[in-house]
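**Student:** Sharing a sequence plus its predicted fold:
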Amino acid sequence: MRILLVASSFNSLTQRVLVELRDRGHTVSVEVTPDGAAVRQAVARHAPDLVVAPMLKAVVPRDVWTAHRCLIVHPGPVGDRGPTSLDHAIHDGVDEWGVTVLQADEEMDAGDVWASVAFRVPEVGKSDLYRNELSDAAVTAVLLAVERVAAGATPTPQTGEIRARPALRQEARRISWEEDTTETVLRTLRAADSQPGVRDRLLGAEWFLHGGHAEDGLLGRPGALLATRAGAVCRATVDGAVWIPELRARTGPGRPRACKLPATMALAGRLPELPELPAPADPAPGFRTWSDIRYREEGPVGVLSFAFPGGAMSTDQCRRLLDAYETARTRPTSVLVVGGQRDFFSNGIHLNVIEAAADPAAESWANINAMNDLVEAVLTTTDRLVVSAIGGNAAAGGVMLALAADEVWCRSGSVLNPHYRRMGLYGSEYWTRTLPGKVGGALAARLTEEARPVSAAASLDMGLVDRVVDCGPGEFAAEITRLALRLASRDGIQPRVAAKKAEHERREAVSPLAAHRERELSRMRRIFDDPAASYHALRRSFVRKEDPPALSPDGPGAGAGGSADC
Ligand code: COA
């Protein structure tokens, strides 16, 4: 079928629906449509057999849905209506939620039902839920709906209870630190993560709080800050405490949006003296705390997992992860898994921290070097097998970090963006060695030039990844450990490690890693040091959530906010 996707942004769900439909042989185009008029123009231009809106804030005009079949993905079960469904679901603490594919109609979310799929709601933030359980369910529902449309079926009218709810506003999201328990605070924070955050006062200023994780080991005066860890602050509730990893300053009307930053960085100059608590090495089962980097071992397998908000890795985060990697390398394991947690693997350098730096060019340089040091450590590990385990999505330098390992495994729902072009960057992280090594030179050039998302299945077909793990987001960590243990128990592992060492030495003699690094970094340095380079404008608009700058049709940001034929 010729399918047109219309979306308010080319976000994770739109990308996932695009790649899944494309994998099934449909001809799919995407148009980012800010309003109903743009939807009308896009439909007129493409004349599709079917219009699908995976994430559309605009209303589809009547003349469009009467002339074309338009399917709307609503992030709620049948009968649920309103603009912040997922926020309400998490705020209310539901265990199960759903996603429904509706036919566009006069009233928002009121159309006939083409498909509806339920999913379990784990205790995670809204954006994690959206990119994972909801995304899996939405794809199942869209594929079912498309099949039903192709088969000439008709949708069913909505029956049962109708629950229309207004947007969840900041007044309803307010945290009362003197009264709310840890569980209430966590639900409030998760329902607002990663957008819009929870508006609050802290240390004499107004902020949006982003992210929230339970801490069972600390108590204090409700609302007081108790400790810091890895850029996050720990704040007391009436019966415990929560870790808040990121803050965004509230700016007045007409002022540019502030960057969302690691909390201690946002609070620099205001923070009182607080203990910086190391993560407990071996927390008792059931003990809740938070750390962005963790290491655990099961027999011959070490698992170094990390979870950075938005998948962004700042200079500090890269250096801490490198330290943890070097420590993991001293352990007597034969397989070292890097990653393995749910949600984002990595999206490369931390554009927000760079944007907020006094000298963004210098911070970009420090960040890319720290990222390269980490990737180099993986590439030069010759005494054991390293597996990258991508539980969610990955992009740009984050994909290249994964490719540094001997084997790359990803979850069946992952979407990879192995390119840098949309941020106006040449790229680094030794991609000129690893990407052609995985997929061949011609395909590497296409992937980086065309800058399109790739599904897990297509990644496997083209050799970008070595294994697709077909499981739910919540089962990924356990499944990866099981598979890594099986790999470690194979007879051939020691000869394989020896062969890898020999191959590494052979390649170093022919095309040393240092030469790749130097070539890539010299291109990056030129971009960083050129204030007119598109990278600076693209970064700013990405971080501040402004419209992307107008660039030439073939320019680096092309396709990011317009249309893409796939
Ligand atoms: N630096 C800082 N923040 C980043 C980031 C990065 N490299 N990559 C993603 N994020 C943040 C986003 O700003 C967003 O923040 P929000 O929750 O406050 O809105 C969050 O992570 C999720 O990203 P979003 O863009 O909403 O997710 P998506 O799944 O729709 O799109 C990407 C994923 C990776 C395609 C998109 O985030 C992207 O292009 N990131 C930049 C990749 C890049 O160019 N890295 C630098 C070169 S190495």
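**Tutor:** Done, it's in.

**Student:** just the residues of the protein that are near the ligand, which are they?
**Tutor:** Counting by CB under 6 Å from any ligand atom, the residues of the chain close to the ligand are 11-12, 127, 194-195, 260, 310-312, 347-352, 393, 395-397, 417, 420, 422-423, 425. Yep, even glycine has a C-beta here, placed from its N, CA and C like the rest.

**Student:** PyMOL command for the buried members of those residues?
**Tutor:** To isolate the buried members of the residues of the chain next to the ligand in PyMOL, using 16 or more other CB atoms under 10 Å:
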select buried, resi 12+127+194+260+310+311+312+347+348+349+350+351+352+393+395+396+397+417+420+422+423+425
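
**Student:** so of the residues of the chain next to the ligand, which ones are in strands?
**Tutor:** 260, 395, 417 (DSSP state E).

**Student:** Of these, which is the nearest to the ligand?
**Tutor:** Ranked by distance to the ligand (CB to the nearest ligand atom), these are led by A395 at 3.3 Å.

**Student:** for that closest one, which residues make a bridge with it?
**Tutor:** Beta bridges link A395 to N417 when assigned by DSSP bridges.

**Student:** do the same with L102
**Tutor:** What pairs with L102, by the bridge criterion (DSSP bridges), is I72, V113.

**Student:** quick one: low-confidence ranges for the stretch 101-250 of the chain?
**Tutor:** Judged by pLDDT under 70, the stretch 101-250 of the chain has no weakly predicted residues.

**Student:** now the helices: where do they sit in it?
**Tutor:** 126-129, 135-150, 170-173, 182-191 (DSSP state H, counting those that start in this stretch).

**Student:** Repeat that for the stretch 301-450 of the chain.
**Tutor:** Counting by DSSP H, counting those that start in this stretch, the helices of the stretch 301-450 of the chain are 315-329, 351-356, 360-379, 397-403, 431-439, 441-450.

**Student:** just these: most buried one?
**Tutor:** Across those, averaging neighbours per residue (mean count of other CB atoms under 10 Å) puts helix 397-403 on top, at a mean of 28.

**Student:** same for that one, what does it pack against?
**Tutor:** For helix 397-403, the packing partners by 3 or more CB pairs under 8 Å, 6 or more residues apart in numbering; DSSP states H and E come out as helix 360-379, strand 385-390, helix 431-439.

**Student:** Could you export those as CSV, including distance to D343 and mean pLDDT?
**Tutor:** Shown next, in CSV, are these (distance: least, CB to CB, whole Å; pLDDT from 0 to 100):
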stretch, distance to D343, mean pLDDT
helix 360-379, 19, 98
strand 385-390, 10, 98
helix 431-439, 23, 98
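
**Student:** for these, which one sits closest to L485?
**Tutor:** strand 385-390 (11.3 Å; CB to CB).

**Student:** May I see the buried residues of that closest one?
**Tutor:** 385-390.

**Student:** mind checking how far the residue nearest to I162 when sequence neighbours are not counted is from Q158?
**Tutor:** Once flanking residues are discounted, I162 sits nearest to G79: 5.0 Å by CB to CB, 6 or more residues apart in numbering. Distance of G79 to Q158, given as CB to CB, to the nearest Å: 6 Å.

**Student:** Identify the residue nearest the geometric centre of the protein.
**Tutor:** F344 (4.0 Å; CA atoms, centre = their mean).

**Student:** and the residue nearest to that one when sequence neighbours are not counted, what pLDDT?
**Tutor:** In space, and not counting its chain neighbours, F344 is closest to G311: 3.2 Å by CB to CB, 6+ apart. G311 carries a pLDDT value of 98.

**Student:** swap in the one 5 residues further on?
**Tutor:** Turning to D316, the model gives it a pLDDT of 98.

**Student:** The one 5 residues further on now?
**Tutor:** Per-residue pLDDT puts L321 at 98.

**Student:** Distance of it relative to Q103?
**Tutor:** 47 Å.

**Student:** Same question for R519.
**Tutor:** 53 Å.

**Student:** Now do the phi/psi pair for the residue of the stretch 151-300 of the chain found nearest the ligand.
**Tutor:** Going by CB to the nearest ligand atom, the ligand is nearest to S194 of the stretch 151-300 of the chain, at 3.0 Å. Torsion angles at S194 (phi, psi; degrees, to the nearest 10) stand at phi -90, psi -10.

**Student:** one step back: could the helices and strands packed on helix 397-403 go into TSV alongside distance to R296?
**Tutor:** Formatted as TSV, these follow (distance: least, CB to CB, whole Å):
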stretch	distance to R296
helix 360-379	18
strand 385-390	13
helix 431-439	27
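
**Student:** which one of the ones you listed lies closest to E123?
**Tutor:** Closest among those, using CB to CB: strand 385-390, at 21.5 Å.

**Student:** ok, residues contacting that closest one?
**Tutor:** 334-340, 345, 378, 401-411, 414, 416, 465, 469, 476, 480, 484, 487-488, 493, 496-497, 500 (CB atoms under 8 Å, 6 or more residues apart in numbering).

**Student:** try 6 Å
**Tutor:** By CB atoms under 6 Å, 6 or more residues apart in numbering, the residues outside strand 385-390 that reach it are 335-340, 345, 378, 402, 405-410, 414, 480.

**Student:** That strand: partners in the sheet, and parallel or antiparallel?
**Tutor:** strand 335-339 (parallel), strand 407-411 (parallel).

**Student:** Of these, which stretch is the most buried?
**Tutor:** strand 335-339 (a mean of 28).

**Student:** the inter-axis angle of it versus helix 315-329?
**Tutor:** Angle, strand 335-339 to helix 315-329, by axes from the mean of the first three to the mean of the last three CA atoms, to 10 degrees: 160 degrees.

**Student:** Could I get the average pLDDT for strand 335-339?
**Tutor:** Mean predicted confidence for strand 335-339 is 98.
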